[in-house]
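Enquirer: my questions are about this predicted structure, shown below with the sequence.
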Amino acid sequence: MAPLTPYTFFQCPCSEPSTLGQPADRSSGAGAGAEPDADDEDRAFDPRAPRSNYSLYPLEYLLYCEDCQQIRCPRCVAEEIVTFYCPCCLFEVPSSNLKSEGNRCTRSCFQCPVCIGPLTTTSLESHPDPSLLAAPDNSAVPHSGPYMLTCSYCNWSSTEIGIKFDKSNGIHAQLAKLRNGGTTRLTAKEHKERRKDLLQGGGPSTRTAEAAVDGRDLDVDTQFANLKAFYQNQLADSSSGGNGLSSLGDLGFASPNSLSRIMSIYTGGNLHDKRSKSRIGVMREALDSDEGLKIANLDESEAVEKLQEEGYDATVSTEQMSNQTPNLGEAPLHGRGRFTSELRPVPYLLRTKRSKRCPICRHIISKPEAKVQATRFRIRLVAGSYIPSITIRPLNTPEANPGAPSDTLQPLKPVQFLLTFKNPIFEAVKVTLATPAKTPGRFASKVTVLCPQFEIDANTDVWDEALKDGDKDKRRRRGEDGPHQAEAGKIWERGRNWVSLVIEVVPASLRLDLLALTSPAGGHEVDTGPLREDEDLLEIPMFVRVEWEADAVGDEIGSAPNKDKEGREKRELAYWCVLGLGRVSQS
Amino acid sequence: MSRRPPRGEYIETDTGNKVARKATLVGTQNIILGGKTVIQPEVMIRGDLVRSVQSASAASSSGASANNTAVSIGRYCFLSRASCLRPSGRFYKGAFTYMPLRMGDHVFVGHGSVVQAASVGSHVHIGARVVVGELAIIKDYVRVLDDSIIPPNMVIPSFSIVAGQPARVIGEVPEGGHEAFELRDLYKTVGNNPHPVPT
C-alpha cells in the first residue's frame, strides 16, 4: 500500500444540522457556527460517519462568501454556465447552437471509439517517398483527398468501418451523412424515388422488394419523419370524423388525444391544438415503411456467427458503448454496434466555464473570464485566502529511529506531529483548537493538542519580511538550537504569518481481542467484527475557531453605530476539520 | 587534479538558471531558457532536433535565427531528474521536420517524464513517468498525474486534471488550487546552496 501523506479536510457548514434547520436569512452568520445550541454542544464531528464524505473538502476546493462570511463548498454553491467550448479545438459554442446541434463539437473534433484518444484527419494517400526529402522544392505539393480519421494512440482508423471523407474540414457534417461501410444516407426524397421505382417495376416481386426497403434502408431520422407525417395525417382525419361514444376510447395509444399529447412532447409542442378535446375515435397504426413501420430484424444468426468467429475480443465494452452517440444514419434497433468493428468516431463533448454563486446571499463568489483562452478570473473568493491553512508533518524527535519505516503508525506508541497554521489575512488572528480526547469509532486513539490556543501574526507585506530578514531568521532558528522539547501550552515555532505546534497521538491498537477488554464494562454490546475498510486510518476531528478584528463593513445600515467605535469589529469563524495522520500498523 | 575551488553540482547562470552539470543538453544553441529554471541531473533536452524545413511565412517574416529554436522554456520551470524534452516531428508539406517545443512559466516536469509536446502552457504540473505525445498541446493550469500517457495531437484545455493511459480529462483544477502551481519556492530549494524547504 502506498504510504499515506498527511492531509487536512475542512467541513463546509452547509451540511451542519444546525444550519440546515435555520432559515436562509443569516446575514450575521459569522457567529452561528461558534455558538452551537445547548443540545448541540457535546456533539463532536465524526469523520467516519457516512455523511462526512459529502462535506469534507481539501482547502483548495472551498470558496468563501464575503457577505455571509462563511465557507462555501462545491456542493452548496450554485453554478451558472458562462461559456461552452470544445475541449479539442477550443472554439466557443454559442448557446443557441447548443439547442439545435447538441452538446458535442460539430467541427472536426473526434475521439477514437476504441481508446478515446484524439483522432486526426489525415490524407489516405501515402506519404511521399523518403528520398524526396533531399529535394525540398517539391515539398509544396498539397495533400488531396480522400481523408480518414486516425488515432495515433491505438492506430484505429475510420477506414476500418469503411468511412472516408472528401474534404478535410467539416468532418462532423460529412460523417452524419455516411453510414458504416461508406454508403451515404438516403434522403427522404431519395426514399420516395426508390419506392416509386419499385412500384413501377411492378410484378409479383413488389411486396418482397418493399420488405427489403423496410429492413435495411430505413434509418432513425427517416423513420421518425415518416411516423410523424403519418400520425399528423391521422389526426387530421380523425378530427373530421364523427363524434364517437365515450371518453373511454380517449385512453390508450390508439386514441387521438393521447397521440397528440405524445407528439407535442416529442416534436416541440407545435402540434398541440385546442380542438383535441373534441376528438374521439380510434386510429390505425402505421402499415408500411412509408408510414414509418419498421419490422424488427430478429435474425441474429449473423451476430452469433461473428461472435463464434472472433470471440469476445471483438465485442464492445460497456464504456465504449456508452461513449457512442446515437447514430441517426443507421437503421433503428440495430444502429448500436455490438462489435468493435461497428464503432463510429465520437465527437468531443463540450466543456463549460462556470461561475459560482453563494447559495444564501446570491452573490457571485467565483467568475471566470468568458473567453475560452483566458485563464484569469474576474472574481475568485477562495477559502484559502481567508482561513488559515493547516499542514501536517511528523515531528522527528531525536530518539526516534530515522531508519524506521514511517509509513505506518505503531499502535499504542505515542507519536508527535507538527501542525503548521498559516494565516492568509492581513490581521493577526487568534486560533482556538479543540479535539475530542479520543477519536470516534471503534478504535479510539488518544489525542492531545499541546497548545490549543495561540495567536498568528498578520500576513504582512512580503517586503516587511525581507527587510526584517535577519531578525526573522534568528527567531526561526531558535527552535532548532538545543534539544527542543515539546512543552504543553507552548507553541513549537513561529514565523511571519505562521505558527506550528505539536499534537501528540497514541494510536489505538487494532487488535479485536483488546477491543473487547478495554471497552467499558456494562456498556452496550461490543462490536468485535472484522476490520472494516479504512478503519486503520487515523483521522482526528478538530474544531477550529478563528477570531480577528477587521475593519467594519459599512454596507449595512445597522452597522453604522458599530463603525463609530474605532471602525473595527470583531469577526470569528469556526469550523470542523479532519486531520488525516496516517494508517495504524495492523501487525 | 586542478586546484580550482570545489565545483557545485549546478551551474548557476546570470539569469538565475540552475543547470546540473550532469544534465545532457544537446544542441545548446537551439535551447532558450527564460531564467530561474532548474535542470536537474540526467535531464536530456534535444536541442539538436531543430526545424529542418522552413515554413514559407516564417522564413520571410522573421530571420533565420528566430527559427532555429528547438526548445524554449519560460521562467521558473523545474525539470526533474531523468526527464526528457524532445521536439516532436511531423510531415510538413511532404517533408519531415521537427517542430519547436515551447514551454511557458512555472512548468514542473516530474521524474522520468518524456515531453514531446508542441506547446506546454504556464503553470503546468507534469507528474512522474508521464509521456506527453507528439504535438500535444497543454494549456495553462493543467495537472497531469503520474504515469499518464498523453496521446499524440491531444489538446488539453486549461484547468484540467488529466490521467490515464491514454490520458483523459478526469477533473477540474479547483479555484483555490491555482497557487499550488507556483514554483518560486521550489526553485529556492535546489542549487549549490539551497534554502531549506519551507514548512
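Expert: That came through fine.
Enquirer: which residues of the chain fall in helices?
Expert: I'll assume chain A. Along chain A, counting by DSSP state H, helices occupy A:17-21, A:95-101, A:171-177, A:188-201, A:206-212, A:220-240, A:256-266, A:301-310, A:318-323, A:462-467, A:469-478, A:512-518, A:560-564.
Enquirer: my bad, chain B
Expert: Per DSSP H, chain B carries helices over the ranges B:56-61, B:64-67, B:184-188.
Enquirer: in chain B, what helix or strand scores lowest on average pLDDT?
Expert: helix B:56-61 (a mean of 47; mean pLDDT, DSSP states H and E).
Enquirer: mind pulling up the pLDDT for A:Ser500?
Expert: A:Ser500 is assigned 90 on the pLDDT scale.
Enquirer: which residue is the nearest non-sequential neighbour of residue 72?
Expert: Because you didn't say which chain, this covers chain A. Nearest residue to A:Arg72 in three dimensions, chain neighbours excluded: A:Leu63, at 4.5 Å (C-beta to C-beta, 6 or more residues apart in numbering or on different chains). For the C-beta atoms, the positions are set from N, CA and C on the backbone; glycine is no exception.
Enquirer: the intended chain is chain B.
Expert: B:Ile32 (4.1 Å).
Enquirer: so that neighbour sits against B:Ile73, correct?
Expert: Yes - assessed by C-beta atoms under 8 Å, B:Ile32 is found in contact with B:Ile73 at 6.7 Å.
Enquirer: these two: who's more crowded?
Expert: B:Ile73 (25 against 15; other C-beta atoms under 10 Å in any protein chain shown).
Enquirer: list the contacts of the more buried one.
Expert: Going by C-beta atoms under 8 Å, 6 or more residues apart in numbering or on different chains, B:Ile73 touches B:Ile31, B:Ile32, B:Leu33, B:Gly34, B:Thr37, B:Leu85, B:Met103, B:Val107.
Enquirer: mind running it again at 6 Å?
Expert: By C-beta atoms under 6 Å, 6 or more residues apart in numbering or on different chains, the contact list for B:Ile73 reads B:Leu33, B:Gly34, B:Thr37, B:Met103.
Enquirer: quick one: which of those residues is most hemmed in?
Expert: B:Met103 (26 neighbours).
Enquirer: so that one versus B:Gln116, what's the distance?
Expert: 12 Å (C-beta to C-beta, to the nearest Å).
Enquirer: tally of neighbours for residue 156?
Expert: Since no chain was named, I'll use chain A. For A:Trp156, using other C-beta under 10 Å, the count is 21.
Enquirer: looking at chain B here, not the other one
Expert: Neighbour number of B:Ile156 under other C-beta under 10 Å is 26.
Enquirer: chain B versus the residue lying closest to A:Arg354 once chain neighbours are set aside, what's the distance?
Expert: The shortest distance from A:Arg354 to any non-neighbouring residue, by C-beta to C-beta, 6+ apart, is to A:Glu79 (4.5 Å). Separation of A:Glu79 from chain B (C-beta to the nearest C-beta, to the nearest Å): 11 Å.
Enquirer: show me the beta-bridge partners of A:Glu79.
Expert: On the basis of DSSP bridges, A:Glu79 is bridged to A:Lys356.
Enquirer: help me confirm that it comes into contact with A:Thr352.
Expert: No - the criterion here is C-beta atoms under 6 Å, and A:Glu79 misses it with A:Thr352 at 8.7 Å.
Enquirer: more neighbours, the two?
Expert: A:Thr352 (15 against 12).
Enquirer: ok, and the closest non-adjacent residue to the more buried one?
Expert: Of all residues not flanking A:Thr352 in the chain, A:Ile81 sits nearest, at 4.8 Å (C-beta to C-beta, 6+ apart).
Enquirer: how deep is the one you found tucked in, by neighbour count?
Expert: A:Ile81, neighbours per other C-beta under 10 Å, totals 11.
Enquirer: wait, isn't it in contact with A:Lys353?
Expert: No - the pair A:Ile81 / A:Lys353 is not scored as a contact, 7.4 Å apart, by C-beta under 6 Å.
Enquirer: quick check: B:Ala167 vs A:Tyr85, distance?
Expert: To A:Tyr85, B:Ala167 is 19 Å away according to C-beta to C-beta.
Enquirer: no, scratch that, I was asking about A:Val382
Expert: For A:Val382 relative to A:Tyr85 (C-beta to C-beta), the value is 23 Å.
Enquirer: A:Val499 is in contact with A:Lys422, correct?
Expert: No - under the criterion of C-beta under 6 Å, A:Lys422 makes no contact with A:Val499, lying 8.4 Å away.
Enquirer: can I assume B:Leu135 is in contact with B:Pro87?
Expert: No - using C-beta under 6 Å, B:Leu135 is not in contact with B:Pro87, being 9.9 Å away.
Enquirer: just want to know which of the two has more residues nearby.
Expert: B:Pro87 (28 against 21).
Enquirer: which residues touch that one?
Expert: Per C-beta under 6 Å, 6+ apart, neighbours of B:Pro87: B:Leu49, B:Ala70, B:Tyr98, B:Pro100, B:Leu101.
Enquirer: residues near whatever residue of the stretch 401-550 of chain A ends up closest to chain B, how many?
Expert: Nearest residue of the stretch 401-550 of chain A to chain B, counting by C-beta to the nearest C-beta: A:Thr420, 5.0 Å away. By the criterion of other C-beta under 10 Å, A:Thr420 has 19 neighbours.
Enquirer: who is it paired with across the strands?
Expert: Beta-bridge partners, per DSSP bridges, of A:Thr420: A:Thr391, A:Ser500.
Enquirer: ok so, going back, with neighbour numbers in mind, choose between A:Lys422 and A:Val499.
Expert: Higher neighbour count among A:Lys422 and A:Val499: A:Val499, with 22 against 19, using other C-beta under 10 Å.
Enquirer: pLDDT value on the spatially closest residue to the more buried one that is not a sequence neighbour, please?
Expert: For A:Val499, ignoring the flanking residues on the chain, the nearest one in space by C-beta to C-beta, 6+ apart is A:Ile456 at 4.9 Å. A:Ile456 is assigned 90 on the pLDDT scale.
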